[in-house]
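A.B. asks: Just the structure for this:
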Amino acid sequence: MRKAITTLLLVAGSCLVIWGPHQACSGQGSKDWVARKDAGFSVEVPRGWTVRVEPKWGRLEIQGTAREQLIVWPVFVPGPLNTAAAPSVLAKLAAGLWPDARWEAAQPVSTVAIRARGRAGDRLALCALTWVASPKGSAGYLYAVAAPEAGYRLLEDTLARVLQSVRVTGDPSGAQQPSLNYVRWQDPRENAFSVEVPTGWKMSGGLFRFASVDTRLAWELLSPDGQIRITGGDAELPTFSLPSQTLAIAGFHEGSWYSPGYGLNMLVQRYLPGVAFARWYVTQKATRNCAELTFTETRERPDAVQAINAIHRQSGSYVSTSLTAGEVAFTCRQGDQPAKGYYFAGTQLTQSPGSGIWNVEYLCGFVAPSDKAALAQSVLNHVVQSGQTNPQWAATQQNIAANTSRIVSRTQEEVSRIINDTYWNRQGTMDELSRRRSNATLGVEDVIDSATGREIKVESGSNHYWIDHRGTIVGTETDTRPNLDFRQLIRLP
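C.D. replies: From the prediction side, this is the model:
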């Protein structure tokens, strides 16, 4: 298989999706592409291609005009899954797609992803399986592509672009989120940056300057009812200086303040990696008004570090520092109301013989009522992804080329993709996959009575379901109403 598709499938289902540069195929400009949305997915395909969602399993199937085929298939496996057990799962799934295909041995890509190449007749094929663990088992996605070997080179970018555009849409729990309009908010202090925020939400903060070389970005966003709190950065977090023998001799022990000059004040503090800092920040600051704090997930993000460092290297601004990143998800109680939260943190350490400094380079997250956590996550993702640095301010402040703005913007995109894969989003997806698997095992489907809002399980096998005023449920093959007493039930995907 060619590198473009191989690279894409390696990362398509990972926690951090890095698509990299993309070039459309010759003759396939934006006007020749159309957007499709259906049953929890959105995707862009060339005009004339067909998109179908198999509702029972939630499998997305895309067919091209020249026997190109792309499949995105949510799967659930009871019990733990690892790179030793995953090849047999991949083999069964791939056999279900193309029974006559011949496959090479599956190869591990990471601790949570494997891939296999194959051939189905005159078509080349490639499958990748990625997964995450949960208390109920392992949930994940199978990504598969196949296309005729003849002329495959001309199809690479098209297939890559289609897979790149695939998005899981909506709240996996099925809850409808309110539609929000966004407006651009400008830093009122130094016009250093701007972000998009929902209309009617209260935004505050900006670029805080404590010295000529000490600037700290911080903002806080509150929902109109004040129940959702989303933050980025923190003006109270200084630059930290590592404890050292030299500082100790001078009387600067851990917890004390030290100034190297230029009006800069640093707190002497041992280094906290990203995930450790995220836990500390949530415990000490983000949940000050919460009780019963419980961490539901603590996860290091070396993938985020790799992506961010790559952006800086490509932009010619990479320096020799050590960046670590991590994220935490948690629950707590605000008054008498259960709440959920999430924070991502990246801390950067710069060392020299006998000394070192570190700072919190990336920090963002939210705390919200449990039933509004999905909305909070969606807004956080949008705000971070929309962030833009004023290039004039960047050039003046740092005396570097204005491409700093592009570096920050690309980094923000990577952070927003991390946010989009938070514990709560993945947990909702795993619960949904578990529901579908359970229904398939029991031979039932979930339907909703639109008149009452009641969710009902019915025996599967019919295309349409109806209920009358007595509660009698009838299944039919066509959409013809059994009689005037019946109203149609809505099938859940």
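A.B. asks: Compute the number of surrounding residues for the closest residue to D32 other than its chain neighbours.
C.D. replies: Closest residue to D32 in three dimensions, ignoring its sequence neighbours and counting by C-beta to C-beta, 6 or more residues apart in numbering: R47, at 5.3 Å. Using the backbone N, CA and C atoms, a C-beta is placed for each residue, glycine as well. As a burial measure, R47 scores 10 neighbours (other C-beta atoms under 10 Å).
A.B. asks: from memory R47 sits against G64, does it?
C.D. replies: No - using C-beta atoms under 8 Å, R47 makes no contact with G64, being 11.1 Å away.
A.B. asks: Quickly list what's touching both of those two.
C.D. replies: With contacts defined as C-beta atoms under 8 Å, 6 or more residues apart in numbering, no residue is shared by R47 and G64.
A.B. asks: in a helix, that's where A160 is, yeah?
C.D. replies: Yes - checked against DSSP: H, G, I helix; E, B strand; the rest coil, A160 lies within a helix.
A.B. asks: about what we covered before: from I71, how far off is the residue nearest to D32?
C.D. replies: Distance, R47 to I71, using C-beta to C-beta, to the nearest Å: 20 Å.
A.B. asks: Name the residues linked to I490 by a beta bridge.
C.D. replies: Beta bridges link I490 to I448, judged by DSSP bridges.
A.B. asks: My error: substitute G475 in the last question.
C.D. replies: What pairs with G475, by the bridge criterion (DSSP bridges), is Y465.
A.B. asks: Let me know how buried I62 is, in neighbour terms.
C.D. replies: Neighbour count of I62, defined by other C-beta under 10 Å: 23.
A.B. asks: so what's the residue nearest to it when sequence neighbours are not counted up against?
C.D. replies: Nearest residue to I62, sequence neighbours excluded (C-beta to C-beta, 6+ apart): L70, at 4.3 Å. By C-beta under 8 Å, 6+ apart, L70 lies in contact with 61-62, 144-145, 159, 162-163.
A.B. asks: Compile those residues into JSON lines and extend it with columns for pLDDT and distance to V213.
C.D. replies: Output for those, formatted as JSON lines (pLDDT from 0 to 100; distance: C-beta to C-beta, whole Å):
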{"residue": "E61", "pLDDT": "89", "distance to V213": "55"}
{"residue": "I62", "pLDDT": "91", "distance to V213": "52"}
{"residue": "A144", "pLDDT": "90", "distance to V213": "52"}
{"residue": "V145", "pLDDT": "89", "distance to V213": "50"}
{"residue": "L159", "pLDDT": "81", "distance to V213": "48"}
{"residue": "V162", "pLDDT": "84", "distance to V213": "47"}
{"residue": "L163", "pLDDT": "78", "distance to V213": "44"}
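A.B. asks: want to try JSON lines for those residues, with secondary structure as columns?
C.D. replies: JSON lines is the format used below for these (three-state DSSP):
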{"residue": "E61", "secondary structure": "strand"}
{"residue": "I62", "secondary structure": "strand"}
{"residue": "A144", "secondary structure": "strand"}
{"residue": "V145", "secondary structure": "strand"}
{"residue": "L159", "secondary structure": "helix"}
{"residue": "V162", "secondary structure": "helix"}
{"residue": "L163", "secondary structure": "helix"}
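A.B. asks: Report the two of these separated the most.
C.D. replies: Pairwise distances across the contacts of L70 peak at 14.0 Å for E61 and L159 (criterion: C-beta to C-beta).
A.B. asks: In terms of neighbours, single out the busier of these two.
C.D. replies: Per other C-beta under 10 Å, whichever of E61 and L159 has more neighbours is L159, with 25 against 16.
A.B. asks: Can you tell me how far that one is from N381?
C.D. replies: 26 Å.
A.B. asks: likewise A113?
C.D. replies: In terms of C-beta to C-beta, A113 sits 23 Å off from N381.
A.B. asks: likewise A86?
C.D. replies: From A86 to N381 the distance is 29 Å (C-beta to C-beta).
A.B. asks: Tell me who's in contact with the closest residue in space to S462 that isn't next to it in sequence.
C.D. replies: Excluding the flanking residues, the one nearest S462 by C-beta to C-beta, 6+ apart is G475, at 2.9 Å. G475 makes contacts with 458-459, 461-466, as judged by C-beta under 8 Å, 6+ apart.
A.B. asks: try it again with 10 Å
C.D. replies: 445, 447, 458-466, 482, 489 (C-beta atoms under 10 Å, 6 or more residues apart in numbering).
A.B. asks: Repeat that for W185.
C.D. replies: Contacts of W185 by C-beta under 10 Å, 6+ apart are 193-197, 201, 203-206, 219, 221, 383, 386.
A.B. asks: wait, which of these is closest to L126?
C.D. replies: Taking the contacts of W185 together and measuring to L126 by C-beta to C-beta, the closest member is S386, at 33.8 Å.
A.B. asks: Touching, that closest one and L221? I think so.
C.D. replies: No - judged on C-beta atoms under 10 Å, S386 makes no contact with L221 at a distance of 12.0 Å.
A.B. asks: Need the residues touching each of these two.
C.D. replies: Residues touching both S386 and L221 by C-beta under 10 Å, 6+ apart: 185, 195, 197.
A.B. asks: Which residues does the last one form beta bridges with?
C.D. replies: Following DSSP bridges, V197 is listed with bridge partners V183.
A.B. asks: tally of neighbours for it?
C.D. replies: Burial measure for V197: 21 neighbouring residues, criterion other C-beta under 10 Å.
A.B. asks: Identify the residues contacting it.
C.D. replies: Contacts for V197 were tallied using C-beta under 10 Å, 6+ apart; they are 180, 182-185, 203, 219, 221, 230, 379, 382-383, 386.
A.B. asks: try it again with 7 Å
C.D. replies: Counting by C-beta atoms under 7 Å, 6 or more residues apart in numbering, V197 touches 182-183, 185, 203, 221, 383.
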